[in-house]
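A.B. asks: Return a 3D structure for these sequence lines:
(one chain, ligands or ions: 1)
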Amino acid sequence: MNDTTVARLVTAMKRYGPLTALDGVDLTVRRGELLALLGPNGAGKSTSISLLLGLIRPDAGRVELFGLDPQRIEARRRIGVMLQSANLPATLRVGELLRLIMSYYPNPRGFDETAALAGVTDLLLRPYGKLSGGQQRRVQFALALCGRPELLFLDEPTVGMDIDARQKLWAAMRTLVAEGCAVVLTTHYLEEAEALAQRVVVLGQGHVLSEGSVDDLRKRVALTRIRCVSDLDAEAVAAWPDVTSATREDGHLRIATAKTEAVVRRLLDADPALCELEVQRAGLAEAFTELTRETAAEQEAA
Ligand SMILES: Nc1ncnc2c1ncn2[C@@H]1O[C@H](COP(=O)(O)OP(=O)(O)OP(=O)(O)O)[C@@H](O)[C@H]1O
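C.D. replies: Numbers count the residues shown, from 1 in each chain. Okay, here's the model as predicted:
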């Protein structure tokens with residue numbers, strides 16, 4: 001473990017009866033980075049976080065939080081956590097709740113500063129139980145960051161939030177990362193990972209499928225999307241070399257290819273009347289879908 005590592009799983013294995021939730025996962029979280037943990041339902045994201053938090057124990061492999069066992073209080077004091085469900089006292093006012101949680105930490109962030117950063121200043125006098133789902137998520141975020149964590153775990157934090165609240169939470173995450181806080185974020189919103197993450201780890205069926213920057217992940221699926229208006233027959237184009245797929249949708253011909261220039265040249269030669277040509281790199285969503293699809297196909301073949 002070097003001094004930039006704040007948490008890690010080393011060939012971590014977790015089984016629930018006959019089901020293998022994590023099958024030898026290596027995962028490193030570095031100081032001051034935002035790491036997005038992606039993967040379809042049941043991929044093992046929450047299990048990985050629960051291991052890093054010391055809520056469950058691995059059946060094999062190792063878990064370290066700041067170089068320590070994650071159940072050690074010295075390690076736990078340095079983290080903040082926002083899980084998918086939170087059981088907080090419904091009758092306490094938001095301000096009371098915030099002061100209570102702040103009192104557990106040796107060097108908490110200021111009360112007003114925490115409230116402003118999490119966007120809960122206007123909720124401080126309201127009982128927690130009377131808040132909407134999205135407002136409760138904002139309060140949970142305030143509680144997660146009030147202790148000045150060096151590492152923050154956010155498990156699908158923006159679920160149920162409106163666009164404005166989501167944008168504010170993104171801004172707050174960026175502020176925390178700029179201050180040097182590491183963030184582990186799980187999300188099903190790929191645009192969230194694309195907008196925020198320095199590094200992305202994709203899990204699938206208990207394995208790490210891919211690890212790298214958003215760009216690295218996109219490059220693993222080096223497809224471009226070509227869209228144009230043309231009378232060319234989609235089926236005939238689909239049979240051209242280097243064309244991954246060609247379909248006709250909404251009057252447009254849509255082509256996926258890894259050899260953009262060659263295919264565009266051939267298109268223009270084949271149809272001089274072709275117009276409205278658009279070329280786009282595949283986004284994270286396509287890369288992610290492709291990766292998880294590939295793995296499912298490999299597993300079926302095995
Ligand atoms: N306590 C448990 N008992 C039995 N099986 C479990 C338990 N917790 C998780 N699992 C199983 O382990 C696998 C991984 O679950 P996990 O919750 O880590 O997935 P996830 O990637 O977080 O999914 P989601 O996106 O749906 O939250 C799933 O097949 C799940 O059903």
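
A.B. asks: would you list every one of the helices in the chain?
C.D. replies: For the chain, the helices defined by DSSP state H cover 45-52, 73-76, 94-102, 111-118, 133-145, 163-178, 190-196, 214-220, 234-238, 260-270, 284-301.

A.B. asks: export the fifth one as PDB, just CAs?
C.D. replies: The reference is to helix 133-145. Extracted C-alpha coordinates of helix 133-145, given in PDB (Å, rounded to 0.1, in the frame of the first residue of the first chain):
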ATOM      1  CA  GLY A 133     -37.200  11.700  -0.700                       C
ATOM      2  CA  GLY A 134     -34.900  14.000  -2.600                       C
ATOM      3  CA  GLN A 135     -34.600  16.400   0.400                       C
ATOM      4  CA  GLN A 136     -33.800  13.500   2.700                       C
ATOM      5  CA  ARG A 137     -31.000  12.500   0.300                       C
ATOM      6  CA  ARG A 138     -29.500  16.000   0.600                       C
ATOM      7  CA  VAL A 139     -29.600  15.700   4.400                       C
ATOM      8  CA  GLN A 140     -27.900  12.300   4.200                       C
ATOM      9  CA  PHE A 141     -25.200  13.900   2.000                       C
ATOM     10  CA  ALA A 142     -24.700  16.700   4.600                       C
ATOM     11  CA  LEU A 143     -24.300  14.100   7.300                       C
ATOM     12  CA  ALA A 144     -21.800  12.200   5.200                       C
ATOM     13  CA  LEU A 145     -19.500  15.200   4.600                       C
END
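
A.B. asks: which helices and strands sit right next to it?
C.D. replies: Applying 3 or more Cβ pairs under 8 Å, 6 or more residues apart in numbering; DSSP states H and E, one finds that helix 133-145 contacts strand 79-82, helix 94-102, helix 111-118, strand 151-155, helix 163-178. Placement of C-beta: from N, CA and C, glycine included.

A.B. asks: one more time with 7 Å
C.D. replies: Packed against helix 133-145 by the contact rule (3 or more Cβ pairs under 7 Å, 6 or more residues apart in numbering; DSSP states H and E) you find strand 79-82, helix 94-102, helix 111-118, helix 163-178.

A.B. asks: The third one: which residues count as buried?
C.D. replies: Put plainly, it is helix 111-118. For helix 111-118, a neighbour-count test (16 or more other Cβ atoms under 10 Å) marks 114, 115, 117, 118 as buried.

A.B. asks: so which of the helices and strands packed on helix 133-145 is the most packed in?
C.D. replies: Of all the helices and strands packed on helix 133-145, strand 79-82 has the most neighbours on average by mean count of other Cβ atoms under 10 Å, namely a mean of 22.

A.B. asks: Contacts (any at all) between the ligand and that strand?
C.D. replies: No: legend: contact between strand 79-82 and the ligand by Cβ under 6 Å from any ligand atom is lacking; minimum distance shown is 13.9 Å.

A.B. asks: who's in contact with that strand?
C.D. replies: Outside of strand 79-82, the residues within contact range by Cβ atoms under 7 Å, 6 or more residues apart in numbering are 53, 140-141, 144-145, 147, 149, 151-155, 157.
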